[in-house]
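Q: quick one, what's the 3D model for this:
(one chain, ligands or ions: 3)
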Amino acid sequence: MTIEIRPDYAETVEHPVSPYLRMERIPHVWCPGCGIGTVVRCYASALEKSGLDLDKVAVVSGIGCSGRAAGYLKLDGFHTTHGRAIPFATGLELGRPELTVTVISGDGDLVGIGGNHFIHAARRNLDMLVILINNFIYGMTGGQNGPTTPLDAKTSTMPFGNFEIPFNLPHLAASSGAPYVARWTSLHTRRLTWSMEEALKRTGFRFIEVIAPCPVLYLRLNKLGEGIDRMGYYHDNAEIRNGADPGEADIDFQGKILCGVFVDKPRPTYRELMEAHYREVLGDEYIPMPPEGGMLHDE
Ligand SMILES: Cc1ncc(C[n+]2csc(CCOP(=O)(O)OP(=O)(O)O)c2C)c(N)n1
Ligand code: SF4
Ligand SMILES: [Mg+2]
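A: Numbers count the residues shown, from 1 in each chain. Ligands and ions are numbered 1, 2, ... in the order given. Below is the predicted model:
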């Protein structure tokens, strides 16, 4: 049987999440088999299911292949400098409390150069959802070793294998104080979408790590095949255990990947603590910031 592919297919058939994307920017920059597009697709589905008013949702990315995510979502979006997505999101969420703020960026961006911002945002329980796409390397700049590269994995700067101990990100987020911590792979699209939807509705610092393939660098340098081979690996090696101790979530080269919602324990956000504190100290003199942000006083 011959399947006829009509040249105008893309123009005539609307993708289910195209209303959430800036279709004029498609085709995107990501390589075939890259996991980043899957994460963006899941996030668009989660937005749809959440029923949030899209005029009140903002997305912030740093620099990197993952950092291109903000540019494709049809939301108020900000493509900030490398490592500075969380500080930018901090200003946004404190200045415009009515917004739901999501950060989508890479491992190098968020826990390499931006690592300090990450731990302090979790400690302060700033009100943002952080989706970290972990491909175990600095993708955009050529596959250098990063803060999550597994021991023994080959990278362009460690061709004989990595000897630096990587971060266990769910453990880092949980021990820094994040009230919602989850990890999935890009194979787990339904669970990832559900987790994103759940996290969108929570408050405080919500962290979702998504393990995703970079076929042209991490997989090639380690002779691990194509993106589709990685789906088989995730299928065989992901172990889903909601409520597991994040301290057990280390990832060894080609080892098992512990997935699930590790933490779901709300606590007061930075704003709630700040307002309670100033109400107590200043009493009636305290004027809280209006939900839409802006000036505190008339003058
Ligand atoms: C201050 C600064 N330092 C370094 C760079 C170069 N740089 C751009 S993207 C990147 C790494 C991105 O890695 P990651 O966040 O893991 O994203 P990926 O490309 O893997 O998705 C680096 C080092 C930069 N743009 N700015
Ligand atoms: S270099 Fe890697 S991370 Fe970047 S788009 Fe290509 S496959 Fe994805
Ligand atoms: Mg990366």
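Q: what about the helices in the protein?
A: Under the criterion DSSP state H, the chain contains helices at 9-12, 36-50, 69-72, 85-95, 107, 115-124, 169-176, 189-201, 220-221, 227-237, 270-282.
Q: just checking, what packs against the second one?
A: To tie it back to what came earlier, the one meant is helix 36-50. When contacts are defined as 3 or more Cβ pairs under 8 Å, 6 or more residues apart in numbering; DSSP states H and E, helix 36-50 sits against helix 69-72, strand 100-106, strand 128-134, helix 189-201. The C-beta positions use only the backbone N, C-alpha and C, and glycine is treated the same way.
Q: and with 10 Å instead?
A: Here helix 36-50 touches strand 57-61, helix 69-72, strand 100-106, strand 128-134, strand 180-185, helix 189-201, strand 205-211, going by 3 or more Cβ pairs under 10 Å, 6 or more residues apart in numbering; DSSP states H and E.
Q: nearest to ligand 2: which residue in the stretch 151-299 of the chain?
A: Nearest to ligand 2, among the residues of the stretch 151-299 of the chain, is C214, at 3.2 Å (Cβ to the nearest ligand atom).
Q: how about that residue: what's its closest non-neighbour residue?
A: N135 (3.9 Å; Cβ to Cβ, 6 or more residues apart in numbering).
Q: ok, the one you found touching S105?
A: No: contact status for N135 versus S105: not in contact, 11.7 Å apart, counting by Cβ atoms under 10 Å.
Q: list residues touching both of those two?
A: With contacts defined as Cβ atoms under 10 Å, 6 or more residues apart in numbering, the residues adjacent to both N135 and S105 are G64, C65, S66.
Q: in CSV, list those along with neighbour count.
A: Shown next, in CSV, are the shared contacts of N135 and S105 (neighbours: other Cβ atoms under 10 Å):
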residue, neighbour count
G64, 27
C65, 27
S66, 32
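Q: wait, which of those is closest to G293?
A: Distance ranking of the shared contacts of N135 and S105 against G293, using Cβ to Cβ, places S66 first at 28.1 Å.
Q: and the closest one, what is it in contact with?
A: With contacts defined as Cβ under 10 Å, 6+ apart, the neighbours of S66 are 30, 34-36, 39-40, 104-110, 131-135, 139-140, 210, 212, 214.
Q: nearest residue to whichever residue of the stretch 1-150 of the chain sits closest to ligand 3 other than its sequence neighbours?
A: Among residues of the stretch 1-150 of the chain, the one nearest ligand 3 by Cβ to the ion turns out to be G106. It sits 3.8 Å away. Of all residues not flanking G106 in the chain, S66 sits nearest, at 3.5 Å (Cβ to Cβ, 6+ apart).
Q: check contacts around T81.
A: G62, I63, G67, P87, F88, D109, I113, G114.
Q: residues in the stretch 1-150 of the chain within reach of ligand 3, list them.
A: Counting by Cβ under 5 Å from the ion, the positions of the stretch 1-150 of the chain adjacent to ligand 3 are G106, D107, G108, N135, G139.
Q: got the contact list for E198?
A: Residues near E198 by Cβ under 10 Å, 6+ apart: A46, K49, S50, Y180, A182, R206, I208, V261, D264.
Q: and the two most separated of the residues you listed?
A: With Cβ to Cβ as the measure, no two of these lie farther apart than K49 and D264, at 17.8 Å.
Q: so which of the helices of the chain gets nearest ligand 1?
A: Comparing the helices of the chain under Cβ to the nearest ligand atom, the one sitting nearest is helix 107, at 4.3 Å.
Q: give me every residue in the chain lying close to ligand 2.
A: For the chain, the residues in contact with ligand 2 (Cβ under 6 Å from any ligand atom) are W30, C31, C34, I36, C65, N135, G139, M140, C214, P215, V216, L217.
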